[in-house]
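> The sequence and its predicted three-dimensional model are supplied below.
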Amino acid sequence: MADYSVIGAGSWGTALARVLAKNGHRVTVWSIMEDEISMLREKHEHELKLPGVKLPESIYFTTDLKEAVENKEMLVLAVPSPFTRSTAKSMAPFVKEGQLIVNVAKGIEDVTYMTLTDIIEEEIPGAVAAVLSGPSHAEEVGKDMPTTLVAGASKKETAEYIQNAFMCDFIRVYTSPDVLGIELGGALKNVVALAAGIADGLGCGDNTKAALITRGIAEIARLGVAMGGKLESFTGLTGIGDLIVTCSSMHSRNRRAGMLIGQGYTMEAAMDEVKMVVEGVYSAKAAAGLSEKYQVSMPIVQEVNDILFGGKPASEAVKDLMFRDKRREANSLTWEE
């Protein structure tokens, strides 16, 4: 039995805390919101974000960050990506040298273009930052539905430690050394999921969805490899796997927000309606910036940015994607002379 803390009591943090507790570990869950912690203490259920999922009585809930961080073997950082830096900064005074911090959010900082583990390492220099990601909705994990994840870390022993902590009869965890590739896949798929939702909102069909998923992963992989990620990560669970589930599921806040935008909502109105952080909106600007920095063509990402921040009608963006210059599907394939 180990002592772990989950920093962030949203749907994903709550679901993962439940997994760790069911695996026999001592688990503390922290939230900055007193009313959220009061509800969790009283009900042992997150009635707003994970209704119907009962949490083990052994889980301890607190708003005291020092209490949550100190003397823990592993910290699971589960706050929405826009709050990763501020939360890490607040945690830093209480973090011991060599502390394992596992990031489970998905995003890229829109000003610095930094991944979330990079932010953790910058704000908490003595920490060992790792990532846990993959095609996973909290709503399904809360119901013990079979789910696969990937633990990414610079050292094999660290990835295997995370693997052992979370593995159970309905969670299968793989390991990988490609932390960058895992994080880029998780962040960038949210932007493509917005595009998929917009297409749904416009009334497009399965053909359109398949095209967006396939061409979307091509864009993600092009940028990811240019930045130093490994192609295998983008063709695996944290790339195409995560993209498929996020583009096709109604559990996806990014797809839901995109649908509303396709139906005529503004970006702000769509985010208000979803009532959760739509991380693809924050990652979209970063993705466009990285596309320019690394000189990688990302037409879907560009059209999403034009819709979100340039006021471009969604129907016009679809037309512009369809009428781009003719080209090959894969430049690496050639004809015999």
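Structure received.

> Spell out the residue ranges of the strands in the protein.
Using DSSP state E, the strands of the chain run over 3-7, 26-30, 60-62, 74-77, 100-103, 128-133, 147-152, 171-176.

> Tell me how far Glu140 lies from Lys275.
19 Å (Cβ to Cβ, to the nearest Å). Every residue, glycine included, has its C-beta placed from N, CA and C.

> who has more neighbours, these two?
Glu140 (17 against 11; other Cβ atoms under 10 Å).

> and the more buried one, what is it in contact with?
Thr147, His251 (Cβ atoms under 8 Å, 6 or more residues apart in numbering).

> How about Lys54?
Contacts of Lys54 by Cβ under 8 Å, 6+ apart are His44, Glu45.

> I'd like to know how far it sits from Thr14.
11 Å.

> Could you do Asp144 as well?
For Asp144 relative to Thr14 (Cβ to Cβ), the value is 14 Å.

> Counting neighbours, go ahead and name the busier of the two.
When neighbours are counted by other Cβ under 10 Å, Asp144 and Thr14 differ, and Thr14 comes out ahead with 26 against 15.

> my read: the more buried one touches Leu50, true?
Yes. Thr14 is within contact range of Leu50, at 5.2 Å (criterion: Cβ atoms under 8 Å).

> okay, and the common contacts of the two?
Joint contacts of Thr14 and Leu50 (Cβ under 8 Å, 6+ apart) are Ala138, Gly142.

> How is the protein divided into domains?
Domains of the chain are assigned by automatic domain parsing as 3-177, 180-322.

> end to end, how far does the first one reach?
I take that to be domain 3-177. 25 Å (Cα to Cα, to the nearest Å).

> chain center to it: distance?
Remark: domain 3-177 is offset 12 Å from the chain centroid, using Cα atoms, centre = their mean, to the nearest Å.

> tell me the contacts of the spatially closest residue to Ala92 that is not a sequence neighbour?
Closest residue to Ala92 apart from its sequence neighbours, by Cβ to Cβ, 6 or more residues apart in numbering: Ile124 at 4.8 Å. Counting by Cβ under 8 Å, 6+ apart, Ile124 touches Ala88, Met91, Ala92, Val95, Gln99, Ile101.

> If we use 7 Å, what do you get?
Ala88, Met91, Ala92, Val95, Ile101 (Cβ atoms under 7 Å, 6 or more residues apart in numbering).

> picking that back up, averaging pLDDT over each of the domains of the chain, which comes out lowest?
Lowest mean pLDDT within the domains of the chain: domain 180-322, a mean of 93.

> From the chain's centroid, how far away is it?
12 Å.

> mind starting the numbering at 49 from now?
That works, and once the first residue is 49, the last one we named lands at domain 228-370.

> rewinding a little: nearest to Asn379, of the domains of the chain?
With Cβ to Cβ as the criterion, Asn379 lies closest to domain 228-370 of these, at 10.3 Å.

> Extract the C-alpha set from the helix ranked longest in the chain and format it as PDB.
In the chain, with assignment by DSSP state H, the single longest helix is helix 227-250. Extracted C-alpha coordinates of helix 227-250, given in PDB (Å, rounded to 0.1, in the frame of the first residue of the first chain):
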ATOM      1  CA  VAL A 227       6.900  11.600 -23.200                       C
ATOM      2  CA  LEU A 228       6.900  14.400 -25.900                       C
ATOM      3  CA  GLY A 229       5.000  12.300 -28.400                       C
ATOM      4  CA  ILE A 230       2.400  11.200 -25.900                       C
ATOM      5  CA  GLU A 231       1.700  14.800 -24.800                       C
ATOM      6  CA  LEU A 232       1.600  16.200 -28.300                       C
ATOM      7  CA  GLY A 233      -0.900  13.500 -29.400                       C
ATOM      8  CA  GLY A 234      -3.100  14.200 -26.300                       C
ATOM      9  CA  ALA A 235      -3.100  17.900 -26.800                       C
ATOM     10  CA  LEU A 236      -3.400  18.200 -30.600                       C
ATOM     11  CA  LYS A 237      -6.200  15.600 -30.900                       C
ATOM     12  CA  ASN A 238      -8.400  18.100 -29.000                       C
ATOM     13  CA  VAL A 239      -8.100  20.600 -31.800                       C
ATOM     14  CA  VAL A 240      -9.100  18.000 -34.400                       C
ATOM     15  CA  ALA A 241     -12.000  16.900 -32.200                       C
ATOM     16  CA  LEU A 242     -13.300  20.500 -32.300                       C
ATOM     17  CA  ALA A 243     -13.200  20.200 -36.100                       C
ATOM     18  CA  ALA A 244     -15.000  16.900 -36.000                       C
ATOM     19  CA  GLY A 245     -17.700  18.400 -33.700                       C
ATOM     20  CA  ILE A 246     -18.100  21.400 -36.000                       C
ATOM     21  CA  ALA A 247     -18.600  19.100 -38.900                       C
ATOM     22  CA  ASP A 248     -21.300  17.200 -36.900                       C
ATOM     23  CA  GLY A 249     -22.900  20.500 -36.000                       C
ATOM     24  CA  LEU A 250     -23.100  21.400 -39.700                       C
END
